[in-house]
Each structure stands twice: as C-alpha cells, then as structure tokens.
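**Student:** here is a sequence with its predicted model. Questions after.
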Amino acid sequence: MIRVFLSLCIVLVCEISFSQRLMGSLGRGVIATPDNDGNIFVSWRLLASDPEDVAFNLTKMKEL
C-alpha cells in the first residue's frame with residue numbers, strides 16, 4: 001500500500017513540474033515578406049504578457 005502511494009506521489013510531482021511552461025526572453029520577432037502579387041505580408045510574435053485585446057498600428061513609408 002505504501003509503495004502504491006509513493007508511486008502515485010512521484011507521478012503527481014512529475015506531472016506538476018512538467019506541466020509548467022518554460023518562458024524564454026524572446027522579442028516581438030517581426031517579419032515582412034513579399035508575395036507573388038507584389039504585396040507585403042507582415043507578421044510578428046505575440047508575447048505571453050500581451051493582453052487579449054492587444055492591437056498594433058502599421059505604417060507604410062514611401063519608397064526611398
């Protein structure tokens with residue numbers, strides 16, 4: 001009985017420790033790539049600290 005209880009405790013401790021998410025210090029990670037029609041696709045990484053209603057403003061500059 002003690003052996004079963006200890007085994008259950010070990011499984012629960014492992015499950016709790018592996019279920020925690022590891023967080024790295026990543027930046028926004030913006031990328032922009034052209035498509036076949038001459039448009040630019042812009043994408044970026046959302047951060048875990050961003051609120052659910054996060055919004056971004058993109059500004060297009062004139063060509064140099």
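**Tutor:** All right, it came through fine.
**Student:** ranges for the strands of the protein?
**Tutor:** Secondary structure of the chain (DSSP state E): strands at 31-34, 40-43.
**Student:** can you redo these as TSV with distance to Asn57, mean pLDDT and mean neighbour count?
**Tutor:** From N, CA and C alone the C-beta is placed, and that goes for glycine too. What follows is the strands of the chain, written out as TSV (distance: least, Cβ to Cβ, whole Å; pLDDT from 0 to 100; neighbours: other Cβ atoms under 10 Å):
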stretch	distance to Asn57	mean pLDDT	mean neighbour count
strand 31-34	15	91	9
strand 40-43	12	89	10
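**Student:** now these as CSV including distance to Ser7?
**Tutor:** Below are the strands of the chain laid out as CSV (distance: least, Cβ to Cβ, whole Å):
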stretch, distance to Ser7
strand 31-34, 47
strand 40-43, 46
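**Student:** what's the closest of the ones you listed to Met1?
**Tutor:** Of all the strands of the chain, it is strand 40-43 that lies closest to Met1, at 55.6 Å by Cβ to Cβ.
**Student:** so what touches that closest one?
**Tutor:** Val30, Ile31, Ala32, Thr33, Pro34, Asp35, Leu58 (Cβ atoms under 8 Å, 6 or more residues apart in numbering).
**Student:** strand partners of it, parallel vs antiparallel please.
**Tutor:** strand 31-34 (antiparallel) (DSSP bridges).
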